[in-house]
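J.: here you go, sequence then predicted model.
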Amino acid sequence: MRGSMEPKVLIFACDWCPGLGSDRAGQDRLSLPSGFRLVRLDCAAQVSGEWVIKAFSEGIDGVMVMGCHLDACRHQGANHRAHKKLETLRWLLDGLRIEPERLCLSWGMGREALPFQAEVQKFVSTLKLLKTGEKA
Amino acid sequence: MFHSMESAEERTRSLGRELLESGRITGLLSIIADREGTRPGFLRKPDEVDSLVLEPRYLLAPVCRTLQAMDPEATLGIVARGCDERALVELAKAGQVNLGRIVLIGLACEEEIARQCGCGRPYPRKIDVGQKIDGSKGNVSSGEGSGRPGQQLDWNAELARCLKCYGCRNACPLCICPECKIGLAMWVPTGVVPPDVFSFHLIRAFHLADKCIDCGNCQDACPAGIPLRELHRHLLKMLEERLGYVPGLEVDRQSPLFTDLKHGPFNGPKIPRWMNTLGENEL
Amino acid sequence: MSLKERIGAFLCTCGKTLGRSLSIEDLKSQALRLPGVFFCQVHDALCQEDGQAFLKEQIQSFHPDGVLLAGCSPRGHGALFQRLISQWGLDGEALEVVDIREGCAWVHADNPDVASAKAQNLLRMGWAKLSRKELSRDASIPLLKSALVVGSGPAGMAAASAMAGQGLRVYLVEKDGTMGGWLRRLSFLYPSGDEGANILQRLKQEIEPSLLITVFLEHEIAGARGYVGNFQVHLRGGEGPKTIRAGAVVLATGAQPLVPQGLFNYGELKGVMAQEELESQLLRGQNLGGTTAFIQCAGSRIPQRPYCSSICCPVALKNARLIRLRWPQSRVFLLYRDMMAPGVDLEHLYHQAMDAGVRFLRYSPEHPPLVEGMDCVQRVKVLDSLSGRETALEIDRVVLSTPLLANPQNAELAGMLSLLTDDYGFFCDRNLLEPNRTVTPGVYVCGTSRWPCSVQEAILQGQAVAASVAALLRAQRAKASDFGVLDGVKGWPAVVNESACSGCGNCFQACPMKAIGLQPFDGRRVARVNKVRCTGCGTCATLCSGGAIQTQSLSDSMAIKMIQEAFK
């Protein structure tokens, strides 16, 4: 994205809940921030910590991992492990003084249009605030 | 001090000779010193044990793994410090060593060495030689022996000195992957030095999050003097605080990253050596 | 990894609407610039008949090795396109549908420049994913024509008998010394009024003489391995451990009523009993004259157990009426919170109970009845919530209707077979359209092990399961891809690159479906994936430091390229 002030956000969304939310947000013609790209997954547990690291190294400002509610993963709770593993990555980022807020984990919030929009907008404003501060 | 060092050495030698003479072990892994220098050695005969020394501190566990791969039936002896034992525990969990065929001569690090190293547990579970010295803060992870807590460092400056020599990865006892990811161009662009901070170091630290046993080999191996240990220590501290897990202490306890959030820190199932949920059939 | 070299790209304008929100021309030229894309066609409505015909003609003329399709969300017509292209000779997985509508044009409607730039990135990401996608061979699995039923209550017996009727070999495992489960302890059944013993006898008669059914009494399940079509279930008991091989496993482990310890002075006063004790007394022909009070919802529909056990009201109605009819001088009170008697037969039973002279008193949960007495029960004080009056009833016996609790061994079985249980310990079924199936293919549940239900319904479920199992095991073999399906969507299993695998076991330990095993290979151990059990969640791949195990739907190389294309 050339010369835009909008934070670049990569969203990894599981197709079951947040994927549905994304579709519904579109159907309701809600307005979403311009800087995000969505990757659909079979399960949010597919997101490897290394992918997040790679995204940051490619200059992406923030990564969102959206999955189903913690008790509702149809892959028998795979999202629990995903959460712990990505929390661990957040601690690592923190240890290197890279803002851990750049990795957002959202479980079960993205199934309907308005909550999906709210989650994305909230994350983008968090990133905008970080941008005005120091970026490691 | 010198006197007690000698007796520690002597004691280790006599234990080693005993094990070899009784035939319980095929050979003893330890540090040896002779005309050719000081280096790790594999002693097979009791009279070879004369060359056994205890210093410098050098992690022998990875050598154990290589030896076992060469001769899986042999029982090996090893002069093991706390870090050796922790490394062996984690390697056993990963199916890389057979603890049943290893006999440990437990060596507690003496004060000078323990202070220099700064790990939280400079002694093995069973101490055969030496006196137990308390580690920094009494636990493995939050050792601040080097005096520089991880978060105060300017990592950009520190990692800018990296030559991508892979010394840290090569020296680490738990880096065992046949095709190391950070050696692949897809993950870490080739021909770029220093490597992108994220790709190389973050990925390695992340992989070792629940495996690092704080031996310090990575930092010792780094020619650019990067305080790599601090990177891992921070993560180990968080793992202990938040998930109640310290790697290297219990061979039957699996990493919390493999279980649901509902399973508390102490509820992981035992890890069987072989388990086949596939039944007898090829699929 | 080989990249695709003949990708056919199709851009759908969704009835010309997308052209208003983003530049289709720019998107087309972007597509043609992507390496490996050798044509790009624009169409107004690919999902419609003429669109489908167009797709077919293009694909069959040009034989692409992959299809990149941009238009509406893949949730819309993704499955349709997948089906179509596999009918036309391509692998259904060699398709990537990129959402430039719901996720792009429609949410950036006020900003066509943004929408266009984003659509191009999304197309590049879709190309990145498709060009690096590797498809694995499906596996063919044998299907044994046999089933193992755990539990010989009415559900288990009905299932066993029906499956034998379909020609399947059935192994019926029962931990007690006789068949029947709770049916042995029931006097009369609702709504038919049949004697429990009678129904039990008839069910036994379908089982005992059958040459196809082997009953293992006093046996329990010690372990289970394998997968659909070929389970190996280890039994303990009898003369020694044995292993049964079966194509399907049916769980009919039943449930048991809560013992109302600590409720309504049960155990403290004589004459306060649980409903099943009343059933025993009815069976023994004990005198039940005098005054009886039934108290419903004893221990159910409360915070720690907020469910209705569905059988307690019908059972109480049946028993209350029975007592009134047999002992005309008796007085019977039924103290209820809500009367749960759905359906024609149960509503009829409710009226019959009223006609028989049972007196109904409604209480609210904030003011439960008080059972009083010294040594023996003497009275029950109840605040009638309909009239607001407190009444004291002189009582000879109190019968507590308690809920059914899940069999405590369900958790262990769930662990062995990788099943889900709900908060109360009952086995979960898959979804609305597959009510007796579990998340593990080949494992079915029926009867009260799934949810509290009547004997009649347990039998119904047992027969339903039998029909499913018979359909499952009809063929000689099946494809692994038939089973990695959740809600109609196929999840592609993970694959292992043995030369890159260190055998560390991270994946094996973390797999939620227990679909990974560790096997000897070249002097060390490596991971292997069971394609039937794997649902493609990706947990294994994220924990593999060496990248040896990957999910096919999004491998590392696909993901990295997508990340790199996302903002180019």
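T.: Alright, I've got the coordinates. Keep in mind that what you see is a predicted model, and the values were worked out from it rather than measured.

J.: can you pull the residues of chain A lying near chain B?
T.: By the rule C-beta under 8 Å from any C-beta of the partner chain, the part of chain A lying against chain B is A:49-50, A:53-54, A:56-57, A:70, A:77, A:80-81, A:83-85, A:87-89, A:91-97, A:136. C-beta coordinates here come from the backbone N, C-alpha and C atoms, glycine included.

J.: narrow the residues you listed to those in helices?
T.: Here DSSP state H is the test, and those give A:49-50, A:53-54, A:56-57, A:80-81, A:83-85, A:87-89, A:91-95 as lying in helices.

J.: tell me the centre residue of chain A?
T.: Centroid-nearest residue in chain A, with C-alpha atoms, centre = their mean: A:Met64, separated by 0.8 Å.

J.: and it, how far is that from chain B?
T.: Distance from A:Met64 to chain B, counting by C-beta to the nearest C-beta, to the nearest Å: 18 Å.

J.: next, that residue: secondary structure please.
T.: Of the three states, A:Met64 takes strand according to DSSP: H, G, I helix; E, B strand; the rest coil.

J.: do you know how far it is from chain C?
T.: From A:Met64 to chain C the distance is 13 Å (C-beta to the nearest C-beta).

J.: what pLDDT does that residue get?
T.: pLDDT for A:Met64: 95.

J.: please name the bridge partners of it.
T.: A:Ile11, A:Cys104 (DSSP bridges).

J.: verify the stated contact: it with A:Val120.
T.: Yes: contact criterion C-beta atoms under 8 Å: A:Met64 and A:Val120 qualify, at 7.2 Å.

J.: list residues touching both of the two?
T.: Counting by C-beta atoms under 8 Å, 6 or more residues apart in numbering or on different chains, the shared contacts of A:Met64 and A:Val120 are A:Val9, A:Ile11, A:Phe36.

J.: around chain A, pick out the residues from the stretch 51-200 of chain C.
T.: C:73-76, C:99, C:101-111, C:114, C:117-118, C:121-122, C:125.

J.: quick one: contacts for the residue nearest to the centre of chain A?
T.: A:Met64 makes contacts with A:Val9, A:Leu10, A:Ile11, A:Phe12, A:Ala13, A:Phe36, A:Cys104, A:Leu105, A:Ser106, A:Glu119, A:Val120, A:Phe123, as judged by C-beta under 8 Å, 6+ apart.

J.: quick one: low-confidence parts of the stretch 401-550 of chain C?
T.: Along the stretch 401-550 of chain C, segments meeting pLDDT under 70 span C:430-433, C:484-491.

J.: mind running it again at 50?
T.: By pLDDT under 50, the stretch 401-550 of chain C contains no weakly predicted segment.

J.: for it, which residue gets nearest to chain B?
T.: Residue of the stretch 401-550 of chain C nearest chain B, by C-beta to the nearest C-beta: C:Gly546 (3.1 Å).

J.: can you map out the strands along the chain?
T.: This is for chain A. Ranges of strands in chain A, per DSSP state E, are A:9-14, A:36-41, A:62-67, A:103-107.

J.: chain B is the one I meant
T.: Secondary structure of chain B by DSSP E: the strands cover B:27-34, B:37-43, B:52-53, B:76-80, B:102-106.

J.: want to try TSV for the ones you listed, with distance to C:Gln41, mean neighbour count and mean pLDDT as columns?
T.: Below are the strands of chain B laid out as TSV (distance: least, C-beta to C-beta, whole Å; neighbours: other C-beta atoms under 10 Å in any protein chain shown; pLDDT from 0 to 100):
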stretch	distance to C:Gln41	mean neighbour count	mean pLDDT
strand B:27-34	67	20	94
strand B:37-43	66	15	93
strand B:52-53	76	20	94
strand B:76-80	67	24	95
strand B:102-106	65	20	94
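
J.: in the stretch 101-250 of chain C, which residue sits closest to chain B?
T.: Counting by C-beta to the nearest C-beta, the stretch 101-250 of chain C gets nearest chain B through C:Gly226, at 3.4 Å.

J.: isn't there a strand covering that residue?
T.: Yes: under three-state DSSP, C:Gly226 sits within a strand.

J.: if I read this right, it contacts C:His234, doesn't it?
T.: No: assessed by C-beta under 8 Å, C:Gly226 is found out of contact with C:His234, at 10.6 Å.

J.: among those two, which residue is more densely surrounded?
T.: Just comparing C:Gly226 and C:His234: by other C-beta atoms under 10 Å in any protein chain shown the higher neighbour count belongs to C:Gly226, 26 against 15.

J.: now that one, which residues is it bridged with?
T.: The partner residues for C:Gly226, given DSSP bridges, come to C:Phe231.

J.: got a pLDDT number for it?
T.: 84.

J.: ramachandran angles for C:Arg477?
T.: phi -140, psi 160 (degrees, to the nearest 10).

J.: number of nearby residues for the nearest residue to it once chain neighbours are set aside?
T.: Residue nearest to C:Arg477 in three dimensions, not counting chain neighbours: C:Ser140, with 5.1 Å by C-beta to C-beta, 6 or more residues apart in numbering or on different chains. Using other C-beta under 10 Å, C:Ser140 has 11 neighbouring residues.

J.: my guess is C:Ser140 contacts C:Gln476. True?
T.: No: using C-beta under 8 Å, C:Ser140 makes no contact with C:Gln476, being 9.7 Å away.

J.: longest helix in the chain, please.
T.: Answering for chain A, as no chain was given. Chain A, longest helix under DSSP H: helix A:113-132.

J.: hm, I was asking about chain C
T.: helix C:112-131.

J.: hey, where'd the helices end up in the stretch 51-200 of chain B?
T.: With DSSP state H, counting those that start in this stretch applied, the stretch 51-200 of chain B shows helices at B:61-70, B:82-93, B:111-117, B:155-159, B:167-171, B:197, listed in chain order.

J.: so what secondary structure elements neighbour the fourth one?
T.: Helices and strands touching helix B:155-159, as assessed by 3 or more C-beta pairs under 8 Å, 6 or more residues apart in numbering or on different chains; DSSP states H and E, comprise helix B:197.
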